[in-house]
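>>> Show me the folded form of this:
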Amino acid sequence: MSLPDSDQPQARKIGALGRRAISTAAESMVKTGSLTPGQLLPLLIEPRINGVDLVAWAGNNQQLIATLLQQHGGILFRNFNLQAAETFDRLVAAAVGDALPYQERSSPRSQVQKHIYTSTEHPADQSIFLHNEQSYNLTFPQHIAFCCLTAARHGGETPIADCRKVFESIDPQIRERFLRQNYMYVRNYGGGMGLSWQDAFQTDDRERVQQYCQANQIAVEWLSADRLRTRQVRRVAAAHPQSGAMTWFNHLTFFHVSTLEPQARIAVQAEFSEADLPSNTYYGDGSPIEPEVLDHLRAAYHQATVTFPWQNGDVLLLDNMLVAHGRAPFGGPRSVVVAMAGPVSWTDLPPISPS
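Numbering: from 1, shown residues only. This is a model prediction of the structure:
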C-alpha cells in the first residue's frame, strides 16, 4: 500500500505494517498514510478510487481494522463523504460491532438516534481533559468512534494520546503505588451542578439505582431524596485483551478537581465542601493524591498528545483502551457525534502486579 514519500523511518514503518496487514483486494480500494510524517497515531485511511462504500469496506475488513487498531490505537477515515448519523451508525456496526447505550452517564449528551449521541455538551469555551471513555464503569466500551458532521470555525479538535506511552512515561514509583492501591472515584449527584442521579442512571427509581450499583461494585450513600453520593474503586491500568500491551486506563486525573480549568475550579471549590464536590478522585484507600503527582500525570498525557483539525465527514475510530481523547475549545457551530462498541468488563481482565 503506497504512502506519501518520506525519509522518516517511522513513516516507512507505517508502510511496512500496512503492507503486511492489508490484502490486495483491500489495497485496491483504500490507501494508508500519516497525517504528519513519522506520526503513528492516528493511521490515515483514504479512498484510492472514487465511490468507495466505507460501510461495505469495513464489513469486509473487520480483521484488518482490528489489527490496525492494535498497532496504531486509532484510525482516521477521511474523504469518504460520510454525511449522516445513520451511515455512521452502520459503519460502527460493520467495523467493530453494534453501538452500545450510554450508561452510568457522567456528561450531558443528546441522543441522535439509537445509540448514537452528541459528543459531550460542555461549554464551547472550555477544554475537556484527556480520558478513556467510561473506564470508571465496571463494564466499558473497548471502542469509541467520532464522526464530524460539521467542523467548528476554529478549534474544536479532539486531541488523542497513546496510553501505552502514558503508562511508560509515568514515574515508576508513582505508577506502582497506584497499581497497588488503585484509585477511588467519589461522585455527588443532586447538588446543583452536574447530572442528577436520574439522568446519570436513566431512571427515577431509587431501587433500580441501588441494584445497578450493587451489581457494579459501587458504594451508595443516599443523602436525601434528590442527593446521592457514590464511591467506586477502580484499577488504573490494564493489559490489552488482544495484544497484552500495558496501558494507563482510568479516569483518576480527569475527575480530580484540580484538573478543572482554573476559573471553573475556583467556582466549584467556593460552592462545595470537598466531601460534596460533584466529582473527585483519591488513592484507593481514600487518602488524597498529592498535587505534584497530579501535575506529573497531566504532563504524561500532554507529552503523548496528538492534535489535528477536523474535516467534515471525518470518522475517528479509537481503541478506547489504548487511546485517550479530549476536546479543545471552539468557536462557531460544531457537530460531532459519537458511538461506543465492544463491551469489556474489568472482572475479565487480569490484575497487574507492581514490579
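>>> Using PDB, list the CA coordinates for the helix or strand hosting Gln303.
Per DSSP states H and E, Gln303 falls inside helix 291-304. Output of helix 291-304 as PDB, limited to C-alpha atoms (Å, rounded to 0.1, in the frame of the first residue of the first chain):
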ATOM      1  CA  PRO A 291      -0.700  17.900  43.800                       C
ATOM      2  CA  GLU A 292       2.800  17.100  42.400                       C
ATOM      3  CA  VAL A 293       1.600  13.600  41.500                       C
ATOM      4  CA  LEU A 294      -1.400  15.000  39.600                       C
ATOM      5  CA  ASP A 295       0.800  17.500  37.800                       C
ATOM      6  CA  HIS A 296       3.100  14.600  36.800                       C
ATOM      7  CA  LEU A 297       0.200  12.600  35.400                       C
ATOM      8  CA  ARG A 298      -1.200  15.600  33.500                       C
ATOM      9  CA  ALA A 299       2.200  16.100  32.000                       C
ATOM     10  CA  ALA A 300       2.400  12.500  30.900                       C
ATOM     11  CA  TYR A 301      -0.800  12.900  29.000                       C
ATOM     12  CA  HIS A 302       0.300  16.200  27.400                       C
ATOM     13  CA  GLN A 303       3.600  14.700  26.300                       C
ATOM     14  CA  ALA A 304       1.800  11.900  24.400                       C
END
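>>> got the contact list for the very next helix or strand once past it?
Next along the chain after helix 291-304, taking DSSP H and E as the criterion, comes strand 305-306. Applying C-beta atoms under 8 Å, 6 or more residues apart in numbering, the external contacts of strand 305-306 come out as 39, 41-42, 130, 159-162. Just so you know, the C-beta spots here come from the backbone N, C-alpha and C atoms, and that holds for glycine as well.
>>> hmm, try it at 10 Å
Strand 305-306 is contacted from outside by 35-36, 39-42, 73-74, 130, 157, 159-162, 165-166, 323-326, using C-beta atoms under 10 Å, 6 or more residues apart in numbering.
>>> In strands, which of those residues fall?
74, 130, 160-162, 323-326 (DSSP state E).
>>> Could I get the residues you listed in CSV, plus columns for pLDDT?
Formatted as CSV, the ones in strands among the contacts of strand 305-306 follow (pLDDT from 0 to 100):
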residue, pLDDT
Gly74, 98
Leu130, 97
Ile160, 98
Ala161, 98
Asp162, 98
Val323, 98
Ala324, 98
His325, 97
Gly326, 97
